[in-house]
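Novice: quick one, what's the 3D model for this:
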Amino acid sequence: MGTAAFAPWRCPLCGAPLAGDVTLKCPSGHCFDRAKEGYWHLLPVQNTRTKAPGDSKEMVAARRAFLGAGYYGIFGQALGELCLEYGIPAAQEAPLRLLDAGCGEGWYDRCIARQFAAAARPLELAGFDIAKPAVRLAAKALPTARYAVASSFHQPVKTGWADLLLNCFSPFAREEFLRVLRPGGRMIYVVPGAEHLYQMKAVLYAEPYKNPVQEVAYEGFRPIGEREARGTITVPASQLEALFAMTPYYWKTPRDGAARLAALPELTTEIAFRFLVFEKL
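Specialist: Model prediction:
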């Protein structure tokens, strides 16, 4: 992993670079203290719509338990391999500057960091999420990374800092992604595959549907790679609620569908992830 002192952040109030190790300061005097868990809160109140945006502490804990049990192991493995394949530092021998936009509790980042360490590739990993409970866990679990509470649409990241940007199931903030990536920088955008959790949807809905697989062009980016990772998992009742809460279906499923899922002793379902790789033009 790169040095502990790397500095990806800019001031969320005025946009000037932030410097410092524990306390971050900009030339205008804005100041941000590191929390005891190791992250910074860089989300101004005017950029939030609720008092506690993002996932709750309970949802974050359930997600950590589910991911920690290894059900999405093929996802973490594939993502680390793609970061090694497509991540190109700005200069030879320099660490790869990796930015995870919407990092959650950091499980994906830890998978990537392990693969970079095994390959003896230097890495400077920064991540942010709008949910403070998730960022708190991420920072405690991977102290060599730099984490912040922040929004994808107001990223407190220096312009052109990132060599490689990850966007895993998070909002697509095109203008900000283009800004924080260096010229020629790359982005890995992860979306569900067509069959992802289809068997779970068959329990939740009277008429389950496959996820649309569409090729979308994003202005300012050109596609340079694609990969799919697929597998089958069997999830016991004790973890089903956690899996359900990780999906958008959690918010839009009729109560009777959720009750049918909760009544199952276990569920075997397909998982499928599409990894779309883009280069900044």
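Novice: what segments of the stretch 1-150 of the chain are helices?
Specialist: Along the stretch 1-150 of the chain, counting by DSSP state H, counting those that start in this stretch, helices occupy 57-68, 73-86, 107-118, 132-141.
Novice: of the ones you listed, which stretch is the most buried?
Specialist: Compared across these, helix 132-141 shows the largest average neighbour count, a mean of 24 (mean count of other C-beta atoms under 10 Å). For glycine as for every other residue, the C-beta is placed from the backbone atoms N, C-alpha and C.
Novice: tell me the mean pLDDT over that one?
Specialist: In this model, helix 132-141 carries a mean pLDDT of 96.
Novice: can you put the helices of the stretch 1-150 of the chain in JSON lines and add distance to residue 252?
Specialist: Converted to JSON lines, the helices of the stretch 1-150 of the chain look like this (distance: least, C-beta to C-beta, whole Å):
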{"stretch": "helix 57-68", "distance to residue 252": "16"}
{"stretch": "helix 73-86", "distance to residue 252": "23"}
{"stretch": "helix 107-118", "distance to residue 252": "25"}
{"stretch": "helix 132-141", "distance to residue 252": "21"}
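Novice: looking at these, which is closest to residue 206?
Specialist: Shortest distance between residue 206 and these, using C-beta to C-beta, is found for helix 57-68: 26.1 Å.
Novice: that closest one packs against which elements?
Specialist: With contacts taken as 3 or more C-beta pairs under 8 Å, 6 or more residues apart in numbering; DSSP states H and E, helix 57-68 sits against helix 107-118, helix 132-141, helix 237-245.
Novice: can I get the ones you listed in CSV including distance to residue 221?
Specialist: Output for those, formatted as CSV (distance: least, C-beta to C-beta, whole Å):
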stretch, distance to residue 221
helix 107-118, 21
helix 132-141, 26
helix 237-245, 31
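Novice: those: which one's closest to residue 29?
Specialist: helix 132-141 (24.4 Å).
Novice: about what we covered before: of all the helices of the stretch 1-150 of the chain, which lies closest to residue 276?
Specialist: helix 73-86 (10.1 Å).
Novice: so what touches the closest one?
Specialist: Residues external to helix 73-86 that are found in contact with it (C-beta atoms under 8 Å, 6 or more residues apart in numbering): 96, 98, 107-108, 111-112, 114-116, 119, 121, 164, 166, 168, 186, 188, 190, 224-225, 227, 229-231, 271, 273, 275, 277.
Novice: chain center to it, what's the gap?
Specialist: Chain-centre distance of helix 73-86: 13 Å, with C-alpha atoms, centre = their mean, to the nearest Å.
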